[in-house]
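> predicted coordinates and the sequence they were generated for:
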Amino acid sequence: MNYQLVPMDRSHLEGIAALERTCFSHPWSVDMLAEELYNETASFLVAEGEDGSVLGYAGLHVVLDEGYIDNVAVDPAYRRQGIADALIDTFVRFGAAKLAFLTLEVRAGNAPAIALYEKHGFYEVGRRKDYYDDPKEDAILMTREWDRA
Ligand SMILES: CC(=O)SCCNC(=O)CCNC(=O)[C@H](O)C(C)(C)COP(=O)(O)OP(=O)(O)OC[C@H]1O[C@@H](n2cnc3c(N)ncnc32)[C@H](O)[C@@H]1OP(=O)(O)O
């Protein structure tokens with residue numbers, strides 16, 4: 001499986017929206033994703049297959065020295081092949097160079113995603129009770145910090 005990590009552009013929007021519908025109960029729409037193309041705080045990365053298809057993607061928003069990872073998703077047919085590793089590693093390397101910390105929220109029962117984030121140095125700093133619905137579930141707040149002192 002060959003892929004490259006590229007910045008999200010218009011050609012990816014339908015593919016990402018389809019992936020969102022596959023992965024999440026409240027999927028981002030094409031219009032929501034398109035807004036991010038004009039959002040100066042947003043960096044959305046796509047794992048693009050050789051034919052231009054979307055194999056996975058991840059979105060980061062940066063405000064001052066804080067980065068917030070919004071979305072990470074990989075096509076079920078391409079999971080366990082290191083795509084999420086590559087996406088998160090890119091954000092962590094960016095964070096190491098530019099940020100004080102990265103944060104994200106994840107469903108408390110999402111063991112694969114929690115393992116992914118722990119592998120990249122994130123740890124739990126809090127819990128938001130019943131944060132998600134469909135189905136109702138707590139969010140775990142995770143962070144990854146760099147000492148800028
Ligand atoms: C901030 C948020 O967006 S939270 C929501 C995260 N997204 C989702 O839950 C959407 C549905 N799930 C997915 O899209 C995928 O399963 C993801 C994004 C969680 C993982 O994507 P993949 O490309 O399969 O992960 P990848 O192959 O890069 O694995 C990296 C690490 O993640 C962890 N991991 C991934 N899948 C699993 C799994 N099924 N079980 C346990 N650990 C897992 C492991 O630590 C793995 O490292 P290892 O291979 O050395 O063991």
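Sure, I can see it.
> the strands in this structure, which residues?
3-7, 42-49, 54-63, 66-74, 101-107, 123-132, 137-145 (DSSP state E).
> give me every residue in this protein lying close to the ligand.
Residues of the chain lying near the ligand by Cβ under 6 Å from any ligand atom: 23, 56, 69, 71-74, 79-85, 104, 106, 110-113, 115-116, 119. Using the backbone N, CA and C atoms, a C-beta is placed for each residue, glycine as well.
> I figured Gly121 hits Val92, correct?
Yes: counting by Cβ atoms under 8 Å, Val92 is a contact partner of Gly121 at 6.8 Å.
> tell me which of these two has more neighbours.
The residue with more neighbours, out of Gly121 and Val92, is Val92; 20 against 16, by other Cβ atoms under 10 Å.
> and the more buried one, how far is that from Lys98?
According to Cβ to Cβ, to the nearest Å, Val92 stands 11 Å off from Lys98.
> got it, and Asp9?
From Asp9 to Lys98 the distance is 23 Å (Cβ to Cβ).
> wait, Ile69 touches Leu60, no?
Yes: Ile69 is within contact range of Leu60, at 5.5 Å (criterion: Cβ under 8 Å).
> anything in contact with each of these two?
Phe91, Leu102 (Cβ atoms under 8 Å, 6 or more residues apart in numbering).
> contacts only, for Val74.
Contacts for Val74 (Cβ under 8 Å, 6+ apart) come out as Leu19, Ala47, Leu55, Gly56, Ile83, Ala84.
> mind doing that once more with 7 Å?
With contact set as Cβ atoms under 7 Å, 6 or more residues apart in numbering, Val74 has these partners: Leu55, Gly56, Ile83, Ala84.
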